[in-house]
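**Q** Next comes the sequence, and after it the predicted model I'd like to discuss.
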Amino acid sequence: AGTGSTTGYILPHLPPLQTEYVFTDLGTSFVSKAKEKFRDYPFVRYQTLDIEVDPVAQGFESHQYDVIIAANVLHATTSIKETLSHVRKLLAPGGQLVLLEATTRQRWVDLWIGMLEGWWRFTDTELRSDHPLLSKEQWQQMLSETGFAEVVTLPETDGLPEVMTMQTVIIAQADRTTVESPSSGKGWLLFGDKQGVAQKLATQLRSVGEACTLVWPGEKYQQIAPEEFTINPNQIADYSRLLAKVTANQQTSIEILHLWSLDTPVIEQLSVETLLTFSKKASGTVLFLVQALLKAGCTSQSRLWLVTCDAEPVQGIKSSISGLAQSPVWGMGRVISLEYPDLWGGMVDLDPQNLSTDESVANLLAEIWDGDGEDHVAFRDEQRYVTRLMPSDQLESVGIKVHGDATYLITAGLDYFGLKLGQWMVDRGARNLVMITPQGFPLPAQWTDIPPQSEEGKKIETIQSLEKKGAKVIVFSADITDQAQMSDILEQINQLEKPLKGIIHGASVGGECSIEKMEPQLLEFVLGLKIVGTWILHQLTKNIELDFFVCCSSVGSIWGSQDQVHDHAINHFLDTFSYYRRYLGLPGLTINWGNIGAEAMGVAPSYVESLERIGLEELQLEQALSAFEVLLNSNAVQTLIARVNWGIFKQVYQGQKSRQFLVEIESKSEEFKELLSAEQPEILKQLQIAPESERMGLLIAYIQYEVSKLLGLQGSKRPSIEQGFFEIGMDSLMAIELKNNLEANLLVPLPDTLTFEFSNIVSLGEYIAKKILDLEIVGHAQLEPKKNEDKNDGKYQEVSANLKELSEQEIEDLINQELEDLGAI
Ligand SMILES: NC(=O)c1ccc[n+]([C@@H]2O[C@H](COP(=O)([O-])OP(=O)(O)OC[C@H]3O[C@@H](n4cnc5c(N)ncnc54)[C@H](OP(=O)(O)O)[C@@H]3O)[C@@H](O)[C@H]2O)c1
């Protein structure tokens, strides 16, 4: 930016709170002068940059800049192509380069500026044979050869007087992909779709030297071309065989894209049977693929991406959710991301309007090639969307009430929660309830024979209490996945005097099972229950004028939870289903329940405690019902109702991987402020009085001691200081405890992602020392052994020896000696 004359015109027009402006120049003197000149603009940063050298090597992050402005500078470099490739490396996908360049040769300029050596330093003589300036056309050509999709030059009008066209403004937009040659060295395994996305992706990848294998669903495992296979999607052995083959020669990591979901027909074309078939196909093949990856032990060198189309609702975009049948895959993805963070790449939901266009494929590739850590992404109308959990404080009341001259249907109506919902409705004025239970239930004439203390007896007592309040309760024993039974029930309801006005759909099956151990039959069974059951209910009632259709889902389908991949797959179908109904103009509300009235439901206290440890507190039944009332009467489509201690939950959730999903949820910890006012802890006092040379050793020994406590290590056993936290046996909960203990004893706020960002004791110690405690420790300098000193002189001297020069065992032995003393802290 030189003297900053262009900058001087631009800065006053930029919104300070939304702008980050980086002023660069080759020389430090220009940069220093600019700091002075633009001191009134706090959003400006200053950095030296030589655009002829790779910017990443100069400390710039690649693909982070939305707009780059260069006024009469780029021509003054030796190679335009190389210079533009560096500019391209700085620009974000779709970012813009704004150039001001002289494009007309003028003799007086050559005579004047030509006296400077720099004017003639170009060496790309195949482009510029005898002069440094490029014509408009040459710029256009160079830009399109270096990764810029659109180029506009101004002024465009021919015939302007020459003086007006000496300088040209050139605006070039970087394409949305950031693929750069040479090859990344990764392998690519694409489970290819019939829509052409995988095929185009493979072509693009191969064109830049990437090794790419395509896999198609077929009859059996077969290599059909040098880099193409078929496998039987229902045979896990085929996936294993394929992985063994593909990874055999693969030295580095492998990106795996599951695109088979894209072959699911749009929802309108599906019958109950085909809906189930295709949902099973999409989710079942993801399950087999993950299981085969686990079996092959290649989860740490592979990254899995799940690709769907129009399976996710996007705020502000009217969509038919035509990919509803693919939505369970997103529910599965949320669990996979928690259970196998190393394996997890992300989920990308493509735009149904341009599924297999070049742009769509470029978007997908850019997401994987050069992602920014977002793992829930959708593309619509040329825009990229990411998923965020948002507080829903602006619910609009729409005046829905239950009333006496209508009938309400509750599936799972005789389970604890179903009956409570029934009671709640009767208390609000409902007088006609239809409850469905899959178990046979005695007819009213038999009720006197049922022991009052039996489960059935208690349910009968509740029904009778509702009847005493004037309500009529009809119980049907039926399986909601049985179309004939459900048609029959709806037929009977339609013949009642009071029209059906509301449905609460709560039927579900619980149970836990890890992804690794899950039998495909279990996944199929639960898919059958919720997908088929829901679809049948929807089909049978879609022409009835309902006030509400509420689906009960769970918080797990929003953020995942371990060992419940099947449950969250189907619950995520329900999450999306309500948006689909809204698109059709029908009422639809999905509630993602947290841990409701666990005690009243007889849930084991240990389970409740385990949820509390991760921040999910028990939601009392009354609280659940009050929230239900608000939601029922609102315009909400999908809402989470749970009691969450976000301070704990966010830490657990991000314990093993940084996640953007909860960034909008605040979790300010009051506890930390309290800690600050407490008396100074012992370790801090020791750190402050210790000689500089010993502080690092002391701090590392202290962190190691805290980790030992968490791992329950006895005696002189100590965890490795260089091995990863999770490798030495810590889990997410321990990571939080470690963070909390360190905060409490060092009186410093630490990030939630502490053990993710600093993966072992040494790196954590260095971070705390340098960034937070502001100790006088410079890099490893303080870890150097003190020469010519008696080893017994410094208390922690041995520990502060150069860690790089010692074996792990030696370091451990040294630290063990010192830790004896720390036991008292
Ligand atoms: N309770 C919570 O904390 C919580 C948390 C998150 C989400 N939820 C959701 O809220 C809803 C109710 O929760 P809950 O804890 O009461 O669930 P639950 O105890 O698992 O009850 C589910 C009910 O569904 C019935 N059912 C199963 N298969 C059926 C079929 N084929 N046809 C008809 N009914 C069938 C079950 O009947 P049988 O028992 O007779 O088999 C049972 O009554 C569920 O959808 C659940 O996913 C609850």
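**A** Thanks, I have it. Just so you know, these numbers come straight off a predicted model, no measurement behind them.
**Q** any idea whether residue 277 is helix, strand or coil?
**A** Under DSSP: H, G, I helix; E, B strand; the rest coil, residue 277 falls in the helix class.
**Q** Over to the one 4 residues further on?
**A** Classification of residue 281 into helix, strand or coil gives helix, according to three-state DSSP.
**Q** residues touching it, list them.
**A** 233, 260, 264 (Cβ atoms under 8 Å, 6 or more residues apart in numbering). Just so you know, the C-beta spots here come from the backbone N, C-alpha and C atoms, and that holds for glycine as well.
**Q** Going along the chain from the helix or strand encompassing residue 202, find the next helix or strand for me.
**A** In this assignment (DSSP states H and E), residue 202 forms part of helix 197-207. Next in sequence after helix 197-207, counting helices and strands by DSSP H and E, comes strand 211-217.
**Q** which neighbours does that next one have in its sheet, and in what orientation?
**A** Using DSSP bridges, strand 211-217 pairs in its sheet with strand 187-191 (parallel), strand 228-231 (parallel).
**Q** For the next helix or strand after the shortest one, name the packing helices and strands.
**A** Counting by DSSP H and E, the element after strand 228-231 in chain order, helix or strand, is helix 236-248. With contacts defined as 3 or more Cβ pairs under 8 Å, 6 or more residues apart in numbering; DSSP states H and E, the secondary structure elements packing on helix 236-248 are strand 187-191, strand 228-231, helix 272-295.
**Q** Residue 572: which of those is closest?
**A** Ranking these by proximity to residue 572 (Cβ to Cβ) places helix 272-295 first, at 9.9 Å.
**Q** quick one: that closest one to strand 211-217, angle?
**A** Helix 272-295 runs at 140 degrees relative to strand 211-217, counting by axes from the mean of the first three to the mean of the last three Cα atoms, to 10 degrees.
**Q** mean confidence for helix 272-295?
**A** Average pLDDT, helix 272-295: 95.
**Q** Let's see it as CSV, backbone CA atoms only.
**A** Extracted C-alpha coordinates of helix 272-295, given in CSV (Å, rounded to 0.1, in the frame of the first residue of the first chain):
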residue,chain,number,x,y,z
VAL,A,272,-44.4,-45.9,2.8
GLU,A,273,-42.4,-48.9,1.6
THR,A,274,-39.9,-47.0,-0.6
LEU,A,275,-39.4,-44.3,2.0
LEU,A,276,-38.2,-47.0,4.4
THR,A,277,-36.1,-48.7,1.7
PHE,A,278,-34.3,-45.6,0.8
SER,A,279,-33.9,-44.3,4.3
LYS,A,280,-32.4,-47.7,5.2
LYS,A,281,-30.1,-47.5,2.2
ALA,A,282,-28.8,-44.1,3.0
SER,A,283,-28.3,-44.7,6.8
GLY,A,284,-27.4,-48.4,6.6
THR,A,285,-24.6,-47.8,4.2
VAL,A,286,-23.2,-45.0,6.4
LEU,A,287,-23.3,-47.5,9.3
PHE,A,288,-21.5,-50.2,7.4
LEU,A,289,-18.9,-47.8,6.1
VAL,A,290,-18.1,-46.5,9.6
GLN,A,291,-18.0,-50.0,11.0
ALA,A,292,-15.7,-51.1,8.3
LEU,A,293,-13.4,-48.1,9.0
LEU,A,294,-13.3,-49.0,12.7
LYS,A,295,-12.6,-52.6,11.9
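**Q** Give the buried residues for that helix.
**A** 272, 275-276, 278-295 (16 or more other Cβ atoms under 10 Å).
**Q** And the residue of the stretch 651-800 of the chain closest to the ligand?
**A** residue 653 (17.4 Å; Cβ to the nearest ligand atom).
**Q** returning to what we had before: and the helices and strands packed on helix 236-248 as JSON lines, adding distance to residue 685?
**A** What follows is these, written out as JSON lines (distance: least, Cβ to Cβ, whole Å):
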{"stretch": "strand 187-191", "distance to residue 685": "54"}
{"stretch": "strand 228-231", "distance to residue 685": "64"}
{"stretch": "helix 272-295", "distance to residue 685": "48"}
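**Q** Residue 553: which of these is closest?
**A** Closest of these to residue 553 is helix 272-295, at 15.7 Å (criterion: Cβ to Cβ).
**Q** Past that closest one, which element shows up next along the chain?
**A** strand 302-309.
**Q** can you give me how far that following strand is from the chain middle?
**A** 12 Å (Cα atoms, centre = their mean, to the nearest Å).
**Q** could you say what helices and strands that strand packs with?
**A** Contacts defined by 3+ Cβ pairs under 8 Å, 6+ apart place strand 302-309 against strand 254-258, helix 272-295, helix 327-339, strand 344-350.
**Q** Tell me who's in contact with the residue nearest to the spatial centre of the chain.
**A** Taking Cα atoms, centre = their mean, the centroid of the chain lies closest to residue 375, which sits 3.3 Å from it. Neighbour list for residue 375: 337, 344, 345, 346, 347, 659, 660 [criterion: Cβ under 8 Å, 6+ apart].
**Q** now swap in residue 285 and tell me
**A** Counting by Cβ under 8 Å, 6+ apart, residue 285 makes contact with 191, 217, 233, 258, 260.
**Q** what do you get for residue 418?
**A** Contacts for residue 418 (Cβ under 8 Å, 6+ apart) come out as 410, 411, 412, 435, 504, 506.
**Q** so who does whichever residue of the stretch 101-250 of the chain sits closest to the ligand touch?
**A** Residue of the stretch 101-250 of the chain nearest the ligand, by Cβ to the nearest ligand atom: residue 234 (24.4 Å). Each residue near residue 234 by Cβ under 8 Å, 6+ apart is listed here: 284, 288, 520.
**Q** State the number of residues packed around residue 716.
**A** Residues lying near residue 716 (other Cβ atoms under 10 Å) number 12.
**Q** Please report how far it lies from residue 360.
**A** 59 Å (Cβ to Cβ, to the nearest Å).
**Q** Does residue 639 fall in a helix, a strand, or a coil region?
**A** Once three-state DSSP is applied, residue 639 turns out strand.
**Q** Give me the average confidence score over the helix or strand where residue 592 lies.
**A** Using DSSP H and E, residue 592 maps to strand 589-593. Strand 589-593 comes out with an average pLDDT of 96.
**Q** again, but for stretch 328-344
**A** Mean pLDDT, stretch 328-344: 94.
**Q** That stretch: which residues count as buried?
**A** Taking 16+ other Cβ under 10 Å as the criterion, stretch 328-344 shows 328-341, 343-344 as buried.
**Q** Please work out which of the strands paired with strand 211-217 is packed deepest.
**A** Comparing these by mean neighbour count (mean count of other Cβ atoms under 10 Å), strand 187-191 ranks first with a mean of 24.
**Q** would you say residue 743 is within a helix?
**A** Yes. Judged by three-state DSSP, residue 743 forms part of a helix.
**Q** Check whether the residue nearest to it when sequence neighbours are not counted sits in a helix, strand or coil.
**A** For residue 743, ignoring the flanking residues on the chain, the nearest one in space by Cβ to Cβ, 6 or more residues apart in numbering is residue 750 at 5.5 Å. The three-state label given to residue 750 by three-state DSSP is coil.
**Q** List the buried residues for stretch 582-592?
**A** Buried, per 16+ other Cβ under 10 Å, within stretch 582-592: 582, 583, 586, 587, 588, 589, 590, 591, 592.
**Q** Kindly reformat the residues you listed as TSV containing distance to the ligand.
**A** Converted to TSV, the buried residues of stretch 582-592 look like this (distance: Cβ to the nearest ligand atom, whole Å):
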residue	distance to the ligand
582	20
583	23
586	20
587	18
588	15
589	13
590	10
591	8
592	7
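**Q** which of those lies closest to residue 466?
**A** residue 591 (22.2 Å).
**Q** Run through the bridge partners of that closest one.
**A** Following DSSP bridges, residue 591 is listed with bridge partners residue 552, residue 639.
**Q** For it, give me its contacts.
**A** With contacts defined as Cβ under 8 Å, 6+ apart, residue 591 is in contact with 550, 551, 552, 553, 628, 631, 638, 639, 640, 641.
**Q** And for the fourth one, the neighbour number?
**A** Using other Cβ under 10 Å, residue 553 is surrounded by 29 other residues.
**Q** correct me, but it touches residue 571?
**A** Yes. Under the criterion of Cβ atoms under 8 Å, residue 553 makes contact with residue 571 at 4.1 Å.
**Q** Before I go, just wanted to say thanks for your time.
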